[in-house]
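J.: Pasted the sequence and its predicted model underneath.
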Amino acid sequence: MRTTLSIDNDVAAVLDRLRRTRKVSLKHLINEALRRGLQEMNRKTPRREMFTTRAVALGRLRVGSLDNIAEATAIAEDERFK
């Protein structure tokens, strides 16, 4: 299949360096990179272990309501709220 690719400059630089060191064609290198990348993208992600957090009692709430943020901030900063 023929197609036109627009390759970013940083990717082109890496491709050019690899092409010169491996002494292979650009077509071969791009096909190899695409195969590896597609295999990686196609892998199923392993299930992660369930993470749990233990609850800790922190005492009673010092603010009656968090609706008044100025009061809550004043109490948190240990100021006298009028």
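T.: That came through fine. Numbering: from 1, shown residues only.
J.: Quick one: mean pLDDT for the helix or strand that contains Thr73?
T.: Assessed by DSSP states H and E, Thr73 sits inside helix 69-76. Helix 69-76 shows a mean pLDDT of 81.
J.: from the chain's centre, how far out does the worst-scoring helix or strand of the chain on mean pLDDT sit?
T.: Within the chain, no helix or strand scores below helix 69-76, which has a mean of 81 by mean pLDDT, DSSP states H and E. Relative to its parent chain, helix 69-76 has a centroid offset of 34 Å by C-alpha atoms, centre = their mean, to the nearest Å.
J.: can you point me to the longest helix in this protein?
T.: The single longest helix within the chain, with elements called by DSSP state H, is helix 26-42.
J.: other SSEs contacting it?
T.: Secondary structure elements in contact with helix 26-42, counted by 3 or more C-beta pairs under 8 Å, 6 or more residues apart in numbering; DSSP states H and E, are helix 9-22. Using the backbone N, CA and C atoms, a C-beta is placed for each residue, glycine as well.
J.: Which neighbouring elements make contact with the helix it packs on?
T.: helix 26-42.
J.: tell me which residues of the helix it packs on are tucked away?
T.: Neighbour-count burial for helix 26-42, counted by 16 or more other C-beta atoms under 10 Å, picks out Leu29.
J.: Can you give me the distance of the residue lying closest to Val63 once chain neighbours are set aside to Arg60?
T.: Once flanking residues are discounted, Val63 sits nearest to Ala72: 4.8 Å by C-beta to C-beta, 6 or more residues apart in numbering. Taking C-beta to C-beta, to the nearest Å as the measure, Ala72 falls 14 Å from Arg60.
J.: more crowded one of the two?
T.: Between Ala72 and Arg60, counting by other C-beta atoms under 10 Å, Ala72 is the more crowded of the two (17 against 5).
J.: Verify the stated contact: the more buried one with Leu66.
T.: Yes - counting by C-beta atoms under 8 Å, Ala72 does reach Leu66; the two are 5.5 Å apart.
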